[in-house]
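Novice: Below is the sequence, then the predicted model.
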Amino acid sequence: MSNGGEGMKRRLRSREWFDNPDNPDMTALYLERYLNYGLTREELQSGKPIIGIAQTGSDLSPCNRPHLELAKRVREGIREAGGIAIEFPVHPIQETGKRPTASLDRNLAYLGLVEVLYGYPLDGVVLTTGCDKTTPACLMAAATVDLPAIVLTGGPMLNGWFHGERVGSGTVVWKARELLSEDKIDYDTFIEMVSDSAPSIGYCNTMGTATTMNTLAEALGMSLPGCASIPAPYRERGQIAYRTGKRIVDMVHEDLKPSDIMTREAFENVITVNSAIGGSTNAPIHINAIARHVGVPLSLDDWESRGLDVPLIVNLQPAGEYLGEDFHRAGGAPAVIGELMRHGLIHERAVTANGRSIGDNCRDVVSENGDVIRDFDSALKKQAGFKVMRGNIFDGAVMKLSVISDAFRERYLSDPDHPQQFEGRAVVFDGPEDYHHRIDDPALGIDENCVLFMRGAGPIGYPGAAEVVNMRAPAYLLKRGIRELPCIGDGRQSGTSGSPSILNASPEAAAGGNLALLKTDDRVRIDLSAGTVDMLVDGAEIERRRSELQDAGGYQYPASQTPWQEMQRGDVDQLSDGMVLKSAVKYQRIASK
Ligand code: FES
Ligand code: MG
């Protein structure tokens, strides 16, 4: 970090475009077209920082649409602090609207944003984040380019209500679809219940992947303190947009870059905070991806060693009962970090976007509502982190212990001799279509002693990795009151789901993982204390199946439907390593090269 005070201002990279006397032809060409909508030569040659506003909102991206308005306040902040704002679009990623899955586009938006930040006359950027994959895509690009960058999230929706009860976006769908398959509600009521969970502009009001990733962006130090939790319609949202715009100009003068903020210590803070908030199982994928692009070593094992024993202190759906407005009123991320600091779990000196340490930002912040953000003594769960699971079916997968229900514990984890272990009969599905087709078929004979497996759902098998591992039980079991079966798979799970699945299994079946060799009726053993999942099939039989599969041409998955699907399949890494494009990782800190 170098400090360019008044009188010794750094020559900003935008001047290479707009004010380069050694290359008057190109300077004239670069200048003239940016003048044609009313910018003046004096402005562009003033030496003022040119600040990009990476706009993720659009009509196609309703979760991030508040940014279309917020960008005006960001511009005013940038102008007030002596910068010039240039807004540009980011490839849309709408979690609920994009087929086959929004996560296919995380790496595409990343690539696009890298090209913009590197190839245009920008000195710093405001990253407008929100819906699940928009936040990691923006942070991954900021990491690769390493221009001064700050996160402004658009904020969650207001709380949803249905018949006097809080209904959280995403989470209500899992509940409502069970009621529908049990014939307890009709189709119209189903749609109404789900719609009522989304009462205003903003993104999911649950602790799904959106609130998780934006809270973690703040814990990482990449936004102003308190930014993540402000609901989209609140006045404070516009106010923090203005302050974020002001602050990025100073960050450019201070040359405070993502690599100064996103350090190993900051990532360790993120893992701790993720457990405390009951964060999404998508977090390790995205956070590991950001770390890889900024060049900080971070592995799945770090998630268990730093995060497993941290208690759940945020009482938000799906792990708890409240929603986004409650989280904000209780103090948001700073109150969570403050409580973690009082137990020595935060690296306090990690630098944040406001130029202060995370310790100075959060030390004195306490919860304003002890039921929503709790202290350690009244934590909702003791061990709220992710357990890393491995064995002879895969090398790495995660399980979110904080969502294991009492009923699940009672059914599967109550053998006094082996309280953390259970065995069952495997029922294997090849991709989401196969599952939807066959789950209610009585011929499968699914009962409470079965373990459901989903394969063909990883980054290659289902390009981008499908959110399908949390499989509902067959309707005939639901009617008997059996709601949860153990689920395991090489895909992902929605952050709004409360299912205790073992997911993100790597390597996936389509990448040669042994999951491809598992068969329905195989016995499997899961041991939560040892962190193992094994098929009880002897080694010779596993090898026989492997050569049989190889002779048949390997694990089969559907053909690509678009050029990008094919390109990504050829270069993508596994979920445990962040699902990054392998060839992209070697490009680091490219703005200064
Ligand atoms: Fe966009 Fe949940 S669908 S945040
Ligand atoms: Mg999702």
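Specialist: Arrived safely. Ligands and ions are numbered 1, 2, ... in the order given.
Novice: Tell me which other helices or strands the longest strand along the chain touches.
Specialist: Under DSSP state E, the strand in the chain containing the largest number of residues is strand 421-430. Contact here means 3 or more CB pairs under 8 Å, 6 or more residues apart in numbering; DSSP states H and E; on that basis strand 421-430 packs against strand 450-455, strand 523-527. (Glycine included, C-beta is placed from N, CA and C.)
Novice: all strands in the stretch 451-593 of the chain, in order from the N-terminus.
Specialist: Taking DSSP state E, counting those that start in this stretch as the criterion, the stretch 451-593 of the chain carries its strands at 487-489, 502-506, 523-527, 532-535.
Novice: Quick one: closest of these to ligand 2.
Specialist: strand 502-506 (12.2 Å; CB to the ion).
Novice: pull the CA atoms of the closest one into CSV?
Specialist: What follows is the C-alpha trace of strand 502-506 in CSV, where atoms were taken according to Å, rounded to 0.1, in the frame of the first residue of the first chain:
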residue,chain,number,x,y,z
ILE,A,502,-23.4,-34.3,2.2
LEU,A,503,-22.7,-32.3,-0.9
ASN,A,504,-20.2,-30.8,-3.3
ALA,A,505,-18.6,-34.3,-3.5
SER,A,506,-15.3,-34.1,-5.4
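Novice: hang on, the earlier thing: how about CSV for the helices and strands packed on strand 421-430, with mean pLDDT and mean neighbour count added?
Specialist: CSV is the format used below for the helices and strands packed on strand 421-430 (pLDDT from 0 to 100; neighbours: other CB atoms under 10 Å):
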stretch, mean pLDDT, mean neighbour count
strand 450-455, 96, 27
strand 523-527, 96, 18
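Novice: mind checking which of those strands is nearest residue 131?
Specialist: In terms of CB to CB, the element of those nearest to residue 131 is strand 450-455, at 23.9 Å.
Novice: Could you check how far the closest residue to residue 542 other than its chain neighbours is from residue 449?
Specialist: Nearest residue to residue 542 in three dimensions, chain neighbours excluded: residue 517, at 5.9 Å (CB to CB, 6 or more residues apart in numbering). Counting by CB to CB, to the nearest Å, the gap between residue 517 and residue 449 amounts to 22 Å.
Novice: Compare those two (neighbour count), which wins?
Specialist: Legend: neighbour count by other CB atoms under 10 Å for residue 517 and residue 449, higher for residue 517 (22 against 13).
Novice: what about the spatially closest residue to residue 353 that is not a sequence neighbour, how many neighbours?
Specialist: Leaving aside its chain neighbours, residue 353 sits nearest to residue 150 (4.8 Å; criterion: CB to CB, 6+ apart). Residue neighbour count, defined by other CB under 10 Å, stands at 28 for residue 150.
Novice: how about residue 150, secondary structure?
Specialist: Here residue 150 is recorded as strand under DSSP: H, G, I helix; E, B strand; the rest coil.
Novice: Check it and give its pLDDT.
Specialist: At residue 150 the predicted local distance difference test score is 99.
Novice: for residue 3, same thing?
Specialist: At residue 3, the pLDDT value in this model is 45.
Novice: Tell me the confidence at the residue lying closest to residue 182 once chain neighbours are set aside?
Specialist: The shortest distance from residue 182 to any residue that is not its chain neighbour, by CB to CB, 6+ apart, is 5.3 Å, and that residue is residue 478. You'll see residue 478 listed with a pLDDT of 86.
Novice: correct me, but residue 478 touches residue 472?
Specialist: Yes - using CB atoms under 8 Å as the test, residue 478 is close enough to residue 472 to be in contact (7.2 Å).
Novice: Give me the more crowded residue out of those two.
Specialist: The residue with more neighbours, out of residue 478 and residue 472, is residue 472; 20 against 17, by other CB under 10 Å.
Novice: and the closest residue to that one other than its chain neighbours, how many neighbours?
Specialist: Once its chain neighbours are removed from consideration, residue 472 has its nearest residue in residue 178; the separation is 6.3 Å (CB to CB, 6+ apart). In terms of burial, residue 178 registers 16 neighbours under the definition other CB under 10 Å.
Novice: can you tell me which residues contact the residue nearest to residue 182?
Specialist: If a contact means CB atoms under 8 Å, 6 or more residues apart in numbering, then residue 478 has 178, 181, 182, 472 as its contacts.
Novice: Those: which two are farthest apart?
Specialist: Of all pairs drawn from the contacts of residue 478, the one with the largest separation by CB to CB is 182 and 472; the distance is 10.6 Å.
Novice: quick one: common contacting residues for residue 478 and residue 472?
Specialist: With CB under 8 Å, 6+ apart, residue 478 and residue 472 have common neighbours 178, 181.
Novice: Spit out the contact partners of the residue nearest to residue 353.
Specialist: Contacts for residue 150 were tallied using CB under 8 Å, 6+ apart; they are 124, 125, 126, 127, 222, 223, 224, 244, 247, 248, 251, 353.
Novice: Hmm, residue 139 is touching residue 223, no?
Specialist: No - judged on CB under 8 Å, residue 139 makes no contact with residue 223 at a distance of 10.3 Å.
Novice: Who has more neighbours out of those two?
Specialist: In terms of neighbours (other CB under 10 Å), residue 139 is the more surrounded of residue 139 and residue 223; the figures are 30 against 27.
Novice: Please give the element, helix or strand, for that one.
Specialist: With secondary structure defined by DSSP states H and E, residue 139 is part of helix 134-145.
Novice: just checking, what packs against that helix?
Specialist: helix 106-119, strand 124-129, strand 149-153, helix 209-220, helix 258-261, helix 283-294.
Novice: which secondary element of this protein has the worst mean pLDDT?
Specialist: Each helix and strand of the chain was given a mean pLDDT (mean pLDDT, DSSP states H and E); the minimum falls on helix 406-412 at a mean of 80.
Novice: For that helix, list every residue counted as buried.
Specialist: Within helix 406-412, the residues that count as buried by 16 or more other CB atoms under 10 Å are 408, 411, 412.
Novice: Pull the residues that contact that helix.
Specialist: Outside helix 406-412, the residues that touch it by CB under 8 Å, 6+ apart are 422, 448, 482, 483, 484, 486, 500.
Novice: about what we covered before: put together CSV for the strands of the stretch 451-593 of the chain, with distance to residue 96 on each row.
Specialist: CSV is the format used below for those (distance: least, CB to CB, whole Å):
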stretch, distance to residue 96
strand 487-489, 21
strand 502-506, 19
strand 523-527, 31
strand 532-535, 31
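Novice: out of those, deepest packed?
Specialist: Between these, the one whose residues have the most neighbours on average, counting mean count of other CB atoms under 10 Å, is strand 502-506 (a mean of 29).
Novice: Now find how far off-centre it is within its chain.
Specialist: With CA atoms, centre = their mean, to the nearest Å as the basis, strand 502-506 stands 15 Å off its chain's centre.
Novice: Kindly report the same for stretch 400-416.
Specialist: Taking the mean C-alpha point of stretch 400-416 and that of its whole chain, the gap between them comes to 26 Å (CA atoms, centre = their mean).
Novice: Can you give me the end-to-end span of that stretch?
Specialist: Its start and end residues considered, stretch 400-416 measures 23 Å (CA to CA, to the nearest Å).
Novice: go on, stretch 377-387?
Specialist: Across its full length, stretch 377-387 reaches 23 Å between end residues, using CA to CA.
Novice: No further queries at this time; thank you.
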